[in-house]
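# Provide a 3D model corresponding to the input given below.
(chains A, B, C and D)
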Amino acid sequence: MVKFLPLKQAVAENLNDDDTVAFEGFTHLIPTAAAHEAIRQGFRDLTLVRMTPDLIYDQMIGMGMAKKIVFSYVGNPGVGLLRRARDAIENGFPRSIEIEEHSHAGMANAYEAGAAGLPCAVFRGYRGAGLAAVNPNIKSVTCPFTGEVLAAVPSIRPDVTFIHAQKADRQGNVLVEGIIGIQKEAVLAAKRAVVTVEEVVDNFDDLHPNLTVLPRWTIAAISVVPGGSHPSYAHGYYARDNAAYLEWDQIAADREKFQAWMQANVIEKSAGDFAARVEHLRKAA
Amino acid sequence: MVKFLPLKQAVAENLNDDDTVAFEGFTHLIPTAAAHEAIRQGFRDLTLVRMTPDLIYDQMIGMGMAKKIVFSYVGNPGVGLLRRARDAIENGFPRSIEIEEHSHAGMANAYEAGAAGLPCAVFRGYRGAGLAAVNPNIKSVTCPFTGEVLAAVPSIRPDVTFIHAQKADRQGNVLVEGIIGIQKEAVLAAKRAVVTVEEVVDNFDDLHPNLTVLPRWTIAAISVVPGGSHPSYAHGYYARDNAAYLEWDQIAADREKFQAWMQANVIEKSAGDFAARVEHLRKAA
Amino acid sequence: MSDNPLGFTPNEMMTIAASRALRNDDVCFVGIGAPSAACNVARLTHAPDITLIYESGTIGTAPDVLPLSIGDGELCETAVTTVAVPEMFRYWLQGGRISIGFLGAAQIDKFGNINTTVIGDYFHPKTRLPGGGGAPEIATSSKQIYITMAQTTRGMVEKIDFFTSFGHGEGGDHRKRLGIDTSGPTLLITDLAIWKPDPVTKEFTVVSLHPGVTRQQVQESCGWVVKFAEALDETPAPSELELKTLRDLQARTKAAHEGTGKAKAA
Amino acid sequence: MSDNPLGFTPNEMMTIAASRALRNDDVCFVGIGAPSAACNVARLTHAPDITLIYESGTIGTAPDVLPLSIGDGELCETAVTTVAVPEMFRYWLQGGRISIGFLGAAQIDKFGNINTTVIGDYFHPKTRLPGGGGAPEIATSSKQIYITMAQTTRGMVEKIDFFTSFGHGEGGDHRKRLGIDTSGPTLLITDLAIWKPDPVTKEFTVVSLHPGVTRQQVQESCGWVVKFAEALDETPAPSELELKTLRDLQARTKAAHEGTGKAKAA
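Numbering: from 1, shown residues only, chains lettered A, B, ... in the order given. This next block holds a predicted model:
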C-alpha cells in the first residue's frame, strides 16, 4: 500500500544498484527531482529506460550511473543533441554504455504490453528501418489469419518507475493530466512505482470520472515536491522553462562545466530547492 | 467530413444489407434509437457485432435481420437470457443465425486491434476455455522472446459502427463520458461511424483535455436524438430504466407478444419519440 | 434452523459468508448478483478499503445501491476512476492486478470448472445461456477465484456441458500443465456450505456447514459424491450488523430499481 | 534575388512553400522545427480546419506560438483532445488516420530515405544523433510523407549512413516489396526548390525552383546528381500575408520562449 515519504527516503527504499529503472515523462511532467535525488544517492550500473531520455538521463549518464540505456529519442527536445550521452556513446566517457534503441512506436507498445502483463508487444513497425538490423530485441510474429508479418518487441517491465504528477489525494490516489504521455503505462508496467506530486488535496470527489487516475494500490510511495518537474512543466502549475533547455546545450558541451553545474545544482541541493526554481514560471502556466 | 443529419437519413446513408455492423455501448449509452431506425428500414442479412448484444440485438434478431452475430455475452444484463436470440439459436426462428462467440477480453482486444489498424489482436486468453475449441477464429501466436503461447483473434473492422454519446459541438466533435466502454474503439475500427447525441453545444472549449473526444473527421454522421439510448442511460442526462429491462424478459418470451410490441413501439414510432421515454428518468441522473 | 433468531435465509448466509472471505486490501473483479452483494457487504462492514472493480471499467467503486447491470451509473459515479473496456481487460485483469475474481455459475463441477454457455451441445443447444462475458480470462488472470451459487443437482454436476471458464480442469496440476500460473478456484460458497479445494486433487471439499445444515442436505443438492473435511466447521451465523447491512443494501437496491419503473407507470 | 521586395529568406520560402502543400482536410503528424512552422502557417492562412497532431498526444491542436518541444503545454491547451502516447501510435498513426507525415532530416538520399540516427557506423558512431523517435513508423503508416530541409552536401547525400526511416528504399516498387502500402515521400521542399519523386524510379526530381534560385545552386548544395523536370516551374514568392503570418508566428514564439529565461534572470 502506498506510503507518503520524503523523496530521499522514497528513492532509497525503492531504487537499487543494477535496477532497470524508468523516469518517464513525455516532455511534460518529467520527474527531475526524483532523478536528482537518485544522482545524489549515487546509484550504479542502472539500466535507464525512457522514450525520450533528455536532460535527466544526460545528467545520470554524465555522472557514470548507467550501464545501459533503452530509448527511442536521445535528444534535447527542440534543441538538439544530448552531449553527455554522446560522450558516453562515442567516447565511452565517463564509462561505456550499452544502448538498446527503438522507435517511439516500439517503446510505447512495449510499455503498453508491460502494463498489460504481456511478454511482448505486437505492432506494425520498423519496416525498412535500420534499427531492426542492429537491435536483436526487434523480432516478428506472423498474423495467423492474414499472414501479415508484424513487429514484436519485448515488453518493458522496470524494477521501478518514477513519474511526476499534479496531485495526490490523502488516500494516495494520483492524478496525471494534460500531456499524459506514457506515465500510466510506465507505472503499471513496473514492479514498484514512486510518484512525486505538486500537492496533496483532500479528495478527488470532484474529478471527472474519465481522467487519468492511478489508484493508490498501484503506487509504492508518493513524495510531495512542488516544482519537482523543473525545467519540464506541470500543466496547471507552471510553464516549461524553455530557456533552461537551451542553456543545457552549453553546460553539457563541456565535461568540466558539466561537473561544476552538477555539483552546484544537484549534489549540493535537495528536493526542497525545486519550488523556488518554478516560481517565475507559475504565472505563465 | 461529418454531416449533421436526421437519424432516418444517417442510417439510410450508412447502413446496407449484408453489412457487418456494430451498435456498441457497454450497458451505458446503448444506441437504441439508431437500432430502431435500422429495424424500421428493414435491413437484411446483417452481421451484428457487439460485446453485449442485449435488447436491441434481441429485437433485430427477432425481426429476422441478422444472418450472424459476433458477441461475448448474449444476455439481458442483470436479468437473464435473451429470448429472441435463444429462439433463433435453439430453433432457427425466425431464421437460423450463425454465431461467433468470444470472451469479453477477446472482443475488447479485437476492437482495440481494429482501431489500431492491425489484422489481429494478441493477448493472454482462452486458456482451458471451451470457446477455443468451437470458434475457428481463436488461434495463437508464440512470443518470439519467451516462447509463451498467446491467444490471437482477428481484429474487428465493422463496415459501420453506431454509438450514442452525450454531446457534439457545432464542428461535429463528439464527447463520450462516464462508462465509456468500447465506443471509441468501435468508432475508430469502423469504416464509417454514425453517432446519435443528446444535444449539440457551441464548443468544447471548457472540456478537460483528457476526455474521450472523437474528432469530427472520424465520424460520418451525427444525429441529435434526445433520449436515444433508452432504456439504457446517458450519464449526466437520464438514468437507466431498469424496469424496462425487467419487462423485456416478459415481452421477448412470446413470439406474438414480441411482434405486437415491436409494431407498437418501434415500427410505428420514430426517433422523435425517445425524448418522452426518458422524461421521468432525468431527475434520477 | 432452531438457532436462527435473526431469521436469516440460506441466500443471506451465502452472501455474508462470501463477504467474510474478502480482505481490506483485496482487489476484486466483481460479477453481478451474489458476488456483487457479497463484495459490497464486505466493503460496508469489515473491509472499508477493499477495491471493487466491475468489468464495465469502474475501478474502486462504492455503490450505495447494488447495480442491476454491470454498468449502472452508480458504479461510475462512486468510482476512483472509470476506464475503457479494453484497458480494463488489458491493464487491470490481464496485468495481474486482481487478487480475487468473483464468479457465479449456472453449472459447476467438483473442480470448479464453470459453464454459463449452453445446456446440451454447443452447436445444437437445449438451452442457450448468456455465455462467458469476462469469465474465461477472469478465471485465469485473477490470483484466486471465489465462486458463489445456490446448490441444486442441476447446477452442481458431475460433468459440465461446456467449459466456459477453467477451474482446476481434471484436478491436480492441470492448470499448471496449461501454462496457467494463477491459483484458480480457492473457495466455493453455497447457500449450504463453504467448500475449499483439496490441496492435491483440487476437488472441492466441504470445510464448513452453515448453521443448521446437514451433510445430507449438502449431498442431496449436489450432483457428485460430496467429500467432507475431517474437521468440519460450522459457519458462524450472520451477525446483526452483517444482516442489517445486507438487508439495508437490498432494500435500497429494490427501491432504486423499482423507482424507475413506478415513475414510468405513473 | 532581385524580385524579392518583401525580403524573404530561403528558409522562409521553404516554410511557406511547404505550408502551401497542405490542404484544409489534411490530418498532419507534425515534427518540430520547419514542419511545425509550415503546418501552422497553413492553418493560419488557407487551411484553417487542418488537423495537426503532435506525437505527444495532442490531436487537433492550434498553438498560438510554435512549441519548442513536441510536448509544450500550448499544444495541449489548444487541442481538441489529448491522448496517451501508446494510443497516439496505435489508434492514430498505425490506424491509418494520418494523411501527411511531416519529417525533417539530418541526412537524406535521392529516394527520400532519412537518417537522423548516426553519422558513421552505428556501433562506433562518429556523431551520435538523437535517433528516429516517431519517424520509422510515421514514414510507413502515414498516407504520404512530406520532407523539409535546408540543402547542404552534407545533408543530401548519395548514401545515408543509417536508414532511420524508409522512403523509397532503392527506388521503384521497393516499398511495395516490403509490404508497405502507403505512398511514402511524395514531396521534398528545401530552401531552394520543390522536389517530387519520379513516378517510376521514385528518385526525387526538382519540379520548381524558388524565386531567384538557379539549377547550379541546387546542384552545388546536393550530394547527388540532381534530376530536373522537363517543365520546371518557379515557386511563387511568398505573399505578403504568408510572410507576415510566418514572421508574426515566429516573433510570438521567440518572445514566449525567451520570456521564461528572462524572467528567470530577473
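# the residue nearest to residue A:276 when sequence neighbours are not counted: what's it in contact with?
Leaving aside its chain neighbours, residue A:276 sits nearest to residue A:227 (7.3 Å; criterion: C-beta to C-beta, 6 or more residues apart in numbering or on different chains). No exception for glycine: its C-beta is placed from N, CA and C like everyone else's. Counting by C-beta atoms under 8 Å, 6 or more residues apart in numbering or on different chains, residue A:227 makes contact with A:33, A:198, A:238, A:274, A:275, A:276, A:277, A:278, A:279.
# highest neighbour count among these?
residue A:33 (29 neighbours; other C-beta atoms under 10 Å in any protein chain shown).
# was I right to think it contacts residue A:271?
Yes - Residue A:33 is within contact range of residue A:271, at 4.9 Å (criterion: C-beta atoms under 8 Å).
# intersection of neighbour lists for the two?
Counting by C-beta under 8 Å, 6+ apart, the residues touching both residue A:33 and residue A:271 are A:7, A:196, A:225, A:228.
# what would the residues you listed look like in TSV with pLDDT?
TSV is the format used below for the shared contacts of residue A:33 and residue A:271 (pLDDT from 0 to 100):
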residue	pLDDT
A:7	98
A:196	98
A:225	98
A:228	98
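# can I get these in JSON lines including secondary structure and distance to residue C:144?
Below are the shared contacts of residue A:33 and residue A:271 laid out as JSON lines (DSSP: H, G, I helix; E, B strand; the rest coil; distance: C-beta to C-beta, whole Å):
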{"residue": "A:7", "secondary structure": "helix", "distance to residue C:144": "36"}
{"residue": "A:196", "secondary structure": "strand", "distance to residue C:144": "34"}
{"residue": "A:225", "secondary structure": "coil", "distance to residue C:144": "38"}
{"residue": "A:228", "secondary structure": "coil", "distance to residue C:144": "38"}
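# return the member of these nearest to chain C.
residue A:196 (20.1 Å; C-beta to the nearest C-beta).
# can I get the shared contacts of residue A:33 and residue A:271 in JSON lines including neighbour count and distance to chain C?
JSON lines is the format used below for these (neighbours: other C-beta atoms under 10 Å in any protein chain shown; distance: C-beta to the nearest C-beta, whole Å):
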{"residue": "A:7", "neighbour count": "27", "distance to chain C": "25"}
{"residue": "A:196", "neighbour count": "30", "distance to chain C": "20"}
{"residue": "A:225", "neighbour count": "29", "distance to chain C": "23"}
{"residue": "A:228", "neighbour count": "30", "distance to chain C": "23"}
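# what ranges do the helices span in the chain?
Here I'm looking at chain A. A:7-14, A:32-41, A:55-62, A:83-91, A:104-115, A:131-134, A:183-189, A:242-251, A:255-262, A:274-277 (DSSP state H).
# actually chain C
Using DSSP H, helices in chain C cover C:10-20, C:34-44, C:73-77, C:85-87, C:135-141, C:174-177, C:215-220, C:240-265.
# now do the second one, average pLDDT.
It refers to helix C:34-44. The pLDDT scores in helix C:34-44 average 93.
# with the fifth one instead?
Per-residue pLDDT values over helix C:135-141 give a mean of 97.
# residue A:123: neighbour count?
28.
# for it, give the beta-bridge partners.
Bridge pairing for residue A:123 (DSSP bridges) gives the partners residue A:151.
# near chain D, which residues of chain C show up?
Nowhere does chain C come near chain D, counting by C-beta under 8 Å from any C-beta of the partner chain.
# hey, which helix or strand in chain C has the poorest pLDDT?
Lowest on mean pLDDT, DSSP states H and E among the helices and strands of chain C sits helix C:240-265, with a mean of 78.
# quick one: list the elements packing against it.
Where contact means 3 or more C-beta pairs under 8 Å, 6 or more residues apart in numbering or on different chains; DSSP states H and E, helix C:240-265 is packed against helix B:242-251, helix C:10-20, helix C:34-44.
# show the contacting residues for residue C:167.
For residue C:167, the contact set (C-beta under 8 Å, 6+ apart) comprises C:108, C:109, C:111, C:112, C:113, C:114, C:139, C:145, C:184, C:185, C:202.
# again but with residue A:266, I slipped
Neighbour list for residue A:266: A:36, A:39, A:40, A:59 [criterion: C-beta under 8 Å, 6+ apart].
# that one and residue A:31, how far apart?
Remark: distance between residue A:266 and residue A:31 (C-beta to C-beta, to the nearest Å) = 14 Å.
# repeat that for residue A:282.
Distance from residue A:282 to residue A:31, by C-beta to C-beta: 19 Å.
# returning to that earlier point: got the contacts of residue A:227 as JSON lines, with distance to residue D:66 columns?
Listed next are these as JSON lines, based on distance: C-beta to C-beta, whole Å:
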{"residue": "A:33", "distance to residue D:66": "28"}
{"residue": "A:198", "distance to residue D:66": "27"}
{"residue": "A:238", "distance to residue D:66": "20"}
{"residue": "A:274", "distance to residue D:66": "27"}
{"residue": "A:275", "distance to residue D:66": "29"}
{"residue": "A:276", "distance to residue D:66": "29"}
{"residue": "A:277", "distance to residue D:66": "24"}
{"residue": "A:278", "distance to residue D:66": "23"}
{"residue": "A:279", "distance to residue D:66": "26"}
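# closest to residue B:179 among these?
residue A:198 (29.5 Å; C-beta to C-beta).
# bridged to the residue lying closest to residue A:57 once chain neighbours are set aside, which residues?
Nearest non-adjacent residue to residue A:57, counting by C-beta to C-beta, 6+ apart: residue A:48, 5.4 Å away. Counting by DSSP bridges, residue A:48 is bridged to residue A:21, residue A:69.
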